[in-house]
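>>> just coords:
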């Protein structure tokens with residue numbers, strides 16, 4: 001029995017060393033990164049979607065609420081592979097730029113579905129994230145391109161109470177029948193390529209003109225010679241992120 005006990009003790013010690021070494025390797029792999037990435041799922045009314053949260057590296061060391069960007073990807077990033085949602089835009093910038101001053105929330109739309117049917121689910125996800133993380137609720141920003149641009153327009157028209165400013169890109173928005181006053185007064189900066197054949201420029205122009213007819217003052221940047229896929233260029237515009245931070249939520 002003595003020998004059996006000693007053998008078991010050796011196995012336990014060795015397993016402990018293996019686990020310790022594995023933890024050390026995990027820490028080494030994370031060392032030197034500019035960010036902390038966390039992934040999870042969220043369910044609402046029987047529907048589940050995946051999401052990632054990208055935190056600045058000093059998120060845990062600085063005890064203050066952080067501004068957050070909700071990023072809605074385009075149609076090609078739908079599915080079950082979260083890596084697709086960080087191919088461009090705020091999730092990628094948060095990982096590449098050491099001084100990126102935002103928490104980024106990037107959900108993934110399931111295959112065959114659209115952000116324009118997910119406004120209430122996204123609102124519930126925002127409630128959850130704001131509760132779970134150190135987020136400044138007065139500095140939450142919304143942006144998306146293509147299908148995500150449509151989702152951005154749709155979301156801000158239905159739940160403007162969450163956002164300090166929004167930036168839809170390459171979208172084909174539907175002009176609402178009923179106008180929310182907070183939507184009309186929302187700081188908006190839209191982007192569109194003048195050669196876009198997938199979501200024609202005229203559709204975004206119609207929304208911008210409708211907003212202006214209601215007294216709004218949205219910014220509208222038309223990118224000459226650019227087609228539909230403007231996300232990489234538009235999201236690398238540092239002025240956009242300075243503009244976000246210059247706006248706080250209206251009460």
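Everything's here; your move. This one's a predicted model, so the numbers in the text were calculated from it and none came from an experiment.

>>> Name the nearest residue to residue 94, sequence neighbours excluded.
Nearest non-adjacent residue to residue 94, counting by C-beta to C-beta, 6 or more residues apart in numbering: residue 54, 4.1 Å away. In short, each C-beta sits where N, CA and C put it, glycine included.

>>> secondary structure class for the one you found?
strand (DSSP: H, G, I helix; E, B strand; the rest coil).

>>> Now do the same contact list for it.
35, 36, 37, 86, 90, 91, 94, 95, 103, 104, 106 (C-beta atoms under 8 Å, 6 or more residues apart in numbering).

>>> The second one is in what secondary structure piece?
This means residue 36. Assigned by DSSP states H and E, residue 36 belongs to strand 35-44.

>>> Partner strands of that strand and their direction?
If you go by DSSP bridges, strand 35-44 pairs up with strand 47-56 (antiparallel).

>>> Report the rounded mean pLDDT for the strand it pairs with.
Average pLDDT, strand 47-56: 96.

>>> I'd like the next helix or strand past it.
Counting by DSSP H and E, what follows strand 47-56 is strand 66-72.

>>> packing partners for that next one?
With contacts taken as 3 or more C-beta pairs under 8 Å, 6 or more residues apart in numbering; DSSP states H and E, strand 66-72 sits against helix 90-96, strand 103-108, helix 119-132, strand 135-145, helix 147-158, helix 238-245.

>>> which of the contacts of residue 54 lies closest to residue 234?
Using C-beta to C-beta, residue 90 is the member of the contacts of residue 54 that lies nearest residue 234, at 11.2 Å.

>>> okay, now that closest one: neighbour count?
Neighbour count of residue 90, defined by other C-beta atoms under 10 Å: 27.

>>> list the contacts for it?
54, 69, 71, 102, 104, 106, 143, 235.

>>> does the fourth one really touch residue 69, like I thought?
Yes. Using C-beta atoms under 8 Å, residue 102 makes contact with residue 69 at a distance of 5.0 Å.

>>> hey, what's in contact with both of those two?
Joint contacts of residue 102 and residue 69 (C-beta under 8 Å, 6+ apart) are 90, 141, 244.

>>> Please convert the contacts of residue 54 to CSV, extending it with pLDDT and distance to residue 114.
Putting those into CSV (pLDDT from 0 to 100; distance: C-beta to C-beta, whole Å) gives the following:
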residue, pLDDT, distance to residue 114
35, 90, 29
36, 93, 30
37, 95, 26
86, 94, 20
90, 97, 20
91, 96, 20
94, 95, 25
95, 93, 26
103, 97, 25
104, 98, 21
106, 98, 17
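
>>> per-residue confidence at the most centrally placed residue in the chain?
Among the residues of the chain, residue 71 comes closest to the average C-alpha position under C-alpha atoms, centre = their mean, at 2.4 Å. pLDDT, residue 71: 98.

>>> who does it bridge with?
For residue 71, the beta-bridge partners under DSSP bridges are residue 143.

>>> mind checking how far it is from residue 194?
Note on residue 71: its distance to residue 194, by C-beta to C-beta, to the nearest Å, is 24 Å.

>>> what do you get for residue 202?
Counting by C-beta to C-beta - residue 202 and residue 194 are separated by 10 Å.
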